[in-house]
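Sequence below, structure please.
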Amino acid sequence: MVAIKRDVIIAGAGPAGAICAAYLARAGVDVLLIDKELFPRDKACGDMLREGIVRHIEKLEAVDVLDEKSTCIRKIKLVGSAGSEAAVPFECYALPRFELDKLLVDTAKSWGAEVRQGCRLVDVIRENGKVCGVVVREKGAEYEIRSRFVIGADGVDSQLVKCLAGVPDETAGGVSEEDPDGIWLGVRGYFKGIRLDRSLTKDQYDAGGVFGFDGKNGHAYFWALPVGRDGVKRGLCNVGMLVKGRDAFSSRELLDRLDAWMGSEKIKAMFDDAEQIGEWSFGRLADKTQARKCAGEGWMLIGDAAAPAEPLFGDGLGAAADTAKAAADAAEAALKSGNFSAEAVTASYKVSLAKLQPAKSEDEIKEDRLLMESLNDPHVMDKIVEMLGRDPNYRKKI
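Next up is the predicted model:
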C-alpha cells in the first residue's frame, strides 16, 4: 500500500463533511475530503435549510448561490389528523439535497480542500491506541492515507464508527452503541404539478408548505414543500414522512402510511394533477438521545455520525453544520498544540459547540419533550393545531 500524508482526512462529503473541510481549508489546513459516492448524488432528506446551516453557508461566502437556487419558505400550514389547520410562520430555504451537497462540495474546493469522490473508507490506521490515518479503496486499489487527524462525517451508519468499534483502548468505548428508540425512519420523493396553497404561496421567495401529524403512527409527521428555483413555478415539491423508532415500520408500511396521508381529505386535492419524479428514497436518522461519543485519540465524529439532531424541534442540517464548525476549531487547535488526546479534543469541541448552540433551560427541554410526546396522541395534537389556529397568544408562545 502507498502511504500518503495529510493534516486532516474527513470521511463523508455531505453537508457536515463539506462544511468542516471548507472551514479547515480556509484556515490553511491541508485537508482531504473523501466520499464513496460520485457527486452530485441524491440522499433522503427533507431539504429544509434553516438559519443554523444558512449562517455557516453565509460565512463560507456561498449564500448568494443558495439564495438563487432555492425556494424560500415563509409559512407552514399545520394539519392535524382530525382536519384542524393552522398557518404559522416558518422560515427556511428549500433546496434538493443533491443540489445542496454539490454546492457545499464546490465550496470546500473553492477554499482549497482536496476532494476525492468514489473513494471508500475501509479501515483506520492505529498506532499506540491513536488513530493516525485511514485505509481507502479507490478504482479497485486499496491504499493508506496517513494523517494527523481523522474526522468521520459519513452518516448514521458510519463506516468510521464501525472501524472504531474495534479500537482496543477505552477512548472509543460506546461509539457503536445504538438505541432503537432514538432512530428515525424516513421516506422522501419528489412530485411536480402539486397544487400549492395560493393563500400561502406567492413566488420563489415567498412560499408555503404543509406539515401533517398522525398520532396513530406514533411519533410521525408528514410534509409537502416546494423546493428549488422552480418549486413554485412547477409545483415541484419534496413529499415525505419521518417516524420515530428503528423498528417502527418496514419500507412498505412507511409508503402505505404516506399514501394514506396523501389521500386524506385535507391533502388529496394537492395531488390531483401531480406526477411523481423518480423513485422513493429511504433513510435513517439518529437523534441526540443516542449520546454517541464524538472524540477519541486522533479522531472525531460530526453530522449524523455524531447524532446531533432533534427532529421536528431542531434544525437537523443546522445541528450537523454546527458540529462541523466545532470539529474544525478543535482540529485546528490540536494541530497547533500537537495535543490530539481525547480529553483535549473533546474539551475544545465542547467549548466551540456551546458558542454555536446555547444550552436550553430545563423548562424549554420539558416543553419540547411534552410536545413531542403529544405526537403519540392525535387528540392532543389536533387540539394543539386548533389552538395555534385560533389563539394568537398561544401561537406566539409555541
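
Now the spatially closest residue to R146 that is not a sequence neighbour: which helix or strand?
Nearest residue to R146, sequence neighbours excluded (Cβ to Cβ, 6 or more residues apart in numbering): G133, at 3.7 Å. (C-beta placed from N, C-alpha, C; glycine too.) G133 is part of strand 130-138 when elements are defined by DSSP states H and E.

swap in V156?
Applying DSSP H and E, one finds V156 in no helix or strand.

What ranges does the stretch 151-300 of the chain have for its helices?
159-164, 231-234, 251-262 (DSSP state H, counting those that start in this stretch).

Let me know which of those helices is tucked in deepest.
Greatest average neighbour count among the helices of the stretch 151-300 of the chain goes to helix 159-164 (a mean of 22), per mean count of other Cβ atoms under 10 Å.

Residues contacting that helix, please?
11, 120-124, 131, 150, 152, 154, 172, 175-176, 292, 296, 299, 301, 305 (Cβ atoms under 8 Å, 6 or more residues apart in numbering).

Stretch 102-118 now?
13-15, 18-19, 21-22, 24-26, 31-40, 57, 60-62, 65-66, 69, 95, 138-139.

is V210 in a bridge, and if so with what?
K77, A224 (DSSP bridges).

Identify the residues contacting V136.
34, 119-122, 142-145.

Quick check on those: which are buried?
Burial by neighbour count, 16 or more other Cβ atoms under 10 Å: within the contacts of V136 this picks out 34, 119-121, 144-145.

Output the residues you listed in TSV, with distance to R390 and secondary structure appended to each entry.
Below are these laid out as TSV (distance: Cβ to Cβ, whole Å; DSSP: H, G, I helix; E, B strand; the rest coil):
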residue	distance to R390	secondary structure
I34	53	strand
C119	55	strand
R120	54	strand
L121	53	strand
E144	64	strand
I145	60	strand
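
Farthest pair within those residues?
For the buried ones among the contacts of V136, the maximum inter-member distance is 13.6 Å, found between R120 and E144 (Cβ to Cβ).

hang on, the earlier thing: out of the helices of the stretch 151-300 of the chain, which gets nearest to H379?
Nearest to H379, of the helices of the stretch 151-300 of the chain and by Cβ to Cβ, is helix 251-262 at 17.8 Å.

what pLDDT, on average, does the closest one get?
Helix 251-262 shows a mean pLDDT of 93 in the predicted model.

Only C-alpha atoms, please: export it in PDB.
The C-alpha coordinates for helix 251-262 follow below in PDB (Å, rounded to 0.1, in the frame of the first residue of the first chain):
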ATOM      1  CA  SER A 251     -40.400   0.400   3.900                       C
ATOM      2  CA  ARG A 252     -43.700  -0.900   2.500                       C
ATOM      3  CA  GLU A 253     -45.500   0.200   5.700                       C
ATOM      4  CA  LEU A 254     -43.900   3.600   5.500                       C
ATOM      5  CA  LEU A 255     -45.200   4.100   2.000                       C
ATOM      6  CA  ASP A 256     -48.700   2.800   2.900                       C
ATOM      7  CA  ARG A 257     -48.900   5.400   5.600                       C
ATOM      8  CA  LEU A 258     -47.600   8.200   3.400                       C
ATOM      9  CA  ASP A 259     -50.100   7.200   0.700                       C
ATOM     10  CA  ALA A 260     -52.900   7.300   3.300                       C
ATOM     11  CA  TRP A 261     -51.900  10.800   4.300                       C
ATOM     12  CA  MET A 262     -51.600  12.000   0.700                       C
END
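
who are the neighbours of it, in terms of helices and strands?
Applying 3 or more Cβ pairs under 8 Å, 6 or more residues apart in numbering; DSSP states H and E, one finds that helix 251-262 makes contact with strand 183-192, strand 220-226, strand 237-244, strand 275-286.

Tell me the strands beside the first one, with direction?
It refers to strand 183-192. Going by DSSP bridges, the partners of strand 183-192 are strand 237-244 (antiparallel), strand 275-286 (antiparallel).

Quickly note the distance from the residue nearest to R146 to A327.
Applying Cβ to Cβ, to the nearest Å, the value for G133 to A327 is 17 Å.

Then G52?
15 Å.

now swap in G152 and tell me
10 Å.
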